[in-house]
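Visitor: could you work out the structure for the sequence below:
(4 chains)
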Number of protein chains: 2
Amino acid sequence: MKLSERNQKVLEAVVSGYIRSGEPVGSRTVSKHYGLNVSSATIRNIMADLEDMGLLQQPHTSAGRIPTDKGLRLYLDSILKIRELEKRQQALIRKAFASGRVDIEELLRRTSQVLSRFCRQAGIVLWPRLSATRFKHIEFVRLRAHQILVILITASGLVQHTLVEWDEDIPQDSLDKYSRYLNEILQDIPLSQVKDRILKEMEGEKALFDQLFTRALELSRRALQDALENTDVHIEGHKHLLSNPEFADVERMRRILEAFEDKSRIVRLLDRALDPTRQVQIILGTESDISELHEMSVVSSPYGRGETILGVLGVIGPTRMDYSHIIPVVTFTASLLSQFLEEPEEVSSPQKTNPS
Amino acid sequence: MKLSERNQKVLEAVVSGYIRSGEPVGSRTVSKHYGLNVSSATIRNIMADLEDMGLLQQPHTSAGRIPTDKGLRLYLDSILKIRELEKRQQALIRKAFASGRVDIEELLRRTSQVLSRFCRQAGIVLWPRLSATRFKHIEFVRLRAHQILVILITASGLVQHTLVEWDEDIPQDSLDKYSRYLNEILQDIPLSQVKDRILKEMEGEKALFDQLFTRALELSRRALQDALENTDVHIEGHKHLLSNPEFADVERMRRILEAFEDKSRIVRLLDRALDPTRQVQIILGTESDISELHEMSVVSSPYGRGETILGVLGVIGPTRMDYSHIIPVVTFTASLLSQFLEEPEEVSSPQKTNPS
DNA sequence: CATTAGCACTCCATTGCAGGGAGTGCTAAT
DNA sequence: ATTAGCACTCCCTGCAATGGAGTGCTAATG
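Guide: Model prediction:
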């Protein structure tokens, strides 16, 4: 779709007017406030054209125009110029992160807070895919007969635990032996490869070692499977959604909250943004396959360590969002988080030893 | 406050009518549908009396009456007869819990789901106070120089972790030694006493052992402090709140969500229910000191293992709730959860070893 | 030939008003 | 003490009128 310069300007005017006010934008407003030196009649003609192209729509005859999703898409893809986030904002966000020691989970929670606060929408953080991080430590704790708590720690400091039921009652010292063994052979292996490694080990050891160790391997295999499967996602700042006029209707809001509850669908939606070639990914209402979210849109960006993408973060809000503000916030936050994950020393402010 | 039999009946009628419909209840309705064989005029007189006593109120002249918080309180305390939850409901709740293996955290999450689903309000679960559980296992993992991840596991299977900054760089094998040492001396000690125990140990060991071990103690002390301080609370099922007509006004809902964000205040509110002498505690709107929650009320009940109370669970919703249904659900859920914590074998259904 | 002024028209939101309904308080009768 | 009856109050609903915002079309213009 190719638009003349002027048509682009009109589209831009309608989009930004609509984003600002939430109301349909009329021809008069466009001609007066957006510096196109043409009369409202001309604008009307152009608008009619844009409507024919499916970029604008009228809620009813004799109302102004609002952009369709298609129009918004065009606007985002080829009209909107994304600038860097202002230094002032950058500083504020940095400040929101700086304080106290933080482990990675706290860091991620804080990230979703930052997103929701600075975008005034709901913030979303998809937790690091475990498969992308490296093995650090595993520990087995015998909670009671037949119940073993397996704790897995990744190099990034994520702690994941699973309860495993086991037919036999394994005493704690055997478990300790297992974990020592596993910590040795698995050290720093990417979690995605751990499974293979374990399988290979199982082959080899069968003959050599005591059967105990194959138990260790089986235990960890089970726990790992569990850990790799569930991806966690945090959504924060629902309250901001409420202050959007589009949610004056409670029923709509209820449906959205309901959609949020099904994390797995949200995860699948965000997975799209794992594409490393794009820095920012925007999914507009009808482009998502979650029908409850048809009036919402998601701005997201991957974060990671160096080359590897760990997860995705972003913002969800009504289609009518201030993208020109939100996109820079999201990308900046993503890069900041990535940076923290790279050199965590910067995150955790020096904490004095302070025994009381 | 002492009411005549008949006045009680009228109060009851107004309360239950209001709870059912959400609308002011008129004298006619009361005289017709609640089996008092008196005319509406008599009811009007009684209602006027009850209003003088501050138990009822009129939204405006020529409207019916609704109960005040004081009236509701009286109703709850001396009129409402709490029955046991019907067997059918009990079975449904049991069923909602039964499935798959569960560690304690999953169990608690599921509890809040159950509460919200069966009460059609927001479910709240205050996580077990660590001080009430026993030490099971501690583990130190050197994430990188100067950063040690301390993982604490309680006997109930709760996993708590904290990042500790340390001046020196302690190698992992020393850390392993520490944890073995601590796991030995602290085994099964109630967490509330661990701190004292550590301090005592520090005294004694100073002379005997290598200085390394005092480091171990200091490390664990710090981590423990952190762990004991933060009490977690889960709120689930916000969506149910939205379907109450009192939240047609979005602004109100927004304020409530905002209040939910400040977990510490919620925790303080629920702490009131830790009173072991009462099985169920109800805090009506104006009785809480959180002004945003003045139109909400909380029905809560402590749960625990045997005699010791671990935490609190309950439901939060508009003052106008169906207490006669919700109270049994809350108490039943509390007793069920307590029972699971007692004999966890019942929770975790037998899981077949199923290596694939 | 693109642009624009002008005009009739449409649709929506707001306002004011009337009528009906639900409920009350009071009074007088039982 | 209870109740029937009545006048009164207040709210909610529907309806019509009004004004405003915006459009599409047509004819005039440079």
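Visitor: quick one: the strands in the stretch 151-300 of chain A?
Guide: Here the stretch 151-300 of chain A has its strands, by DSSP state E, counting those that start in this stretch, at A:159-165, A:233-236, A:281-283, A:296-305.
Visitor: quick one: which of those is nearest residue B:301?
Guide: strand A:159-165 (25.5 Å; CB to CB). C-betas here are computed from N, CA, C, even on glycine.
Visitor: quick one: mean pLDDT for that closest one?
Guide: The average of the pLDDT scores along strand A:159-165 is 91.
Visitor: run the angle between that strand and strand B:159-165 for me.
Guide: Orientation of strand A:159-165 against strand B:159-165 (axes from the mean of the first three to the mean of the last three CA atoms, to 10 degrees) gives an angle of 150 degrees.
Visitor: re earlier: winner for burial among the strands of the stretch 151-300 of chain A?
Guide: Among these, ranked by average contacts under mean count of other CB atoms under 10 Å in any protein chain shown, first place goes to strand A:296-305 (a mean of 24).
Visitor: run a quick neighbour tally on residue A:156.
Guide: 19 (other CB atoms under 10 Å in any protein chain shown).
Visitor: that one contacts residue A:310, doesn't it?
Guide: Yes: in terms of CB atoms under 8 Å, residue A:156 counts as a neighbour of residue A:310; the distance is 7.5 Å.
Visitor: list residues touching both of these two?
Guide: A:128, A:133, A:341 (CB atoms under 8 Å, 6 or more residues apart in numbering or on different chains).
Visitor: ok, and the most crowded of these?
Guide: Scoring those on neighbours with other CB under 10 Å, the highest-scoring entry is residue A:128 at 25 neighbours.
Visitor: help me confirm that that one comes into contact with residue A:313.
Guide: No: taking contacts as CB under 8 Å, residue A:128 lies outside contact range of residue A:313: 10.6 Å.
Visitor: can you give me the distance of the residue of chain A found nearest DNA strand D to residue B:99?
Guide: Distances between chain A and DNA strand D by CB to the nearest atom of the strand are smallest at residue A:26, namely 2.7 Å. Separation of residue A:26 from residue B:99 (CB to CB, to the nearest Å) stands at 57 Å.
Visitor: for residue A:8, give me its contacts.
Guide: A:78-79.
Visitor: three-state assignment of it?
Guide: Three-state assignment for residue A:8 (DSSP: H, G, I helix; E, B strand; the rest coil): helix.
Visitor: quick one on the thing from earlier: nearest to DNA strand C, of the strands of the stretch 151-300 of chain A?
Guide: Here strand A:296-305 is closest among the strands of the stretch 151-300 of chain A (CB to the nearest atom of the strand), at 21.9 Å.
Visitor: and the average pLDDT for that closest one is what?
Guide: Rounded mean pLDDT across strand A:296-305 is 94.
Visitor: just the C-alpha atoms of it, please, in CSV.
Guide: The C-alpha trace of strand A:296-305 is given here as CSV (Å, rounded to 0.1, in the frame of the first residue of the first chain):
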residue,chain,number,x,y,z
MET,A,296,-6.1,-4.5,22.9
SER,A,297,-2.7,-4.3,21.6
VAL,A,298,0.7,-5.5,22.7
VAL,A,299,4.0,-3.8,22.3
SER,A,300,6.8,-6.1,23.2
SER,A,301,10.5,-6.5,22.8
PRO,A,302,12.9,-9.4,23.5
TYR,A,303,15.5,-9.2,26.1
GLY,A,304,18.5,-11.3,26.7
ARG,A,305,22.1,-11.7,27.4
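Visitor: list the buried ones in the very next helix or strand once past it?
Guide: Next in sequence after strand A:296-305, counting helices and strands by DSSP states H and E, comes strand A:308-318. Buried positions in strand A:308-318, judged by neighbour count with 16 or more other CB atoms under 10 Å in any protein chain shown: A:309-318.
Visitor: out of the helices and strands in chain A, which is least certain?
Guide: One helix or strand of chain A scores below all others by mean pLDDT, DSSP states H and E: helix A:191-208, with a mean of 76.
Visitor: helices or strands next to that one in the packing?
Guide: Contact partners of helix A:191-208 among helices and strands, from 3 or more CB pairs under 8 Å, 6 or more residues apart in numbering or on different chains; DSSP states H and E: helix A:172-186, helix A:211-229.
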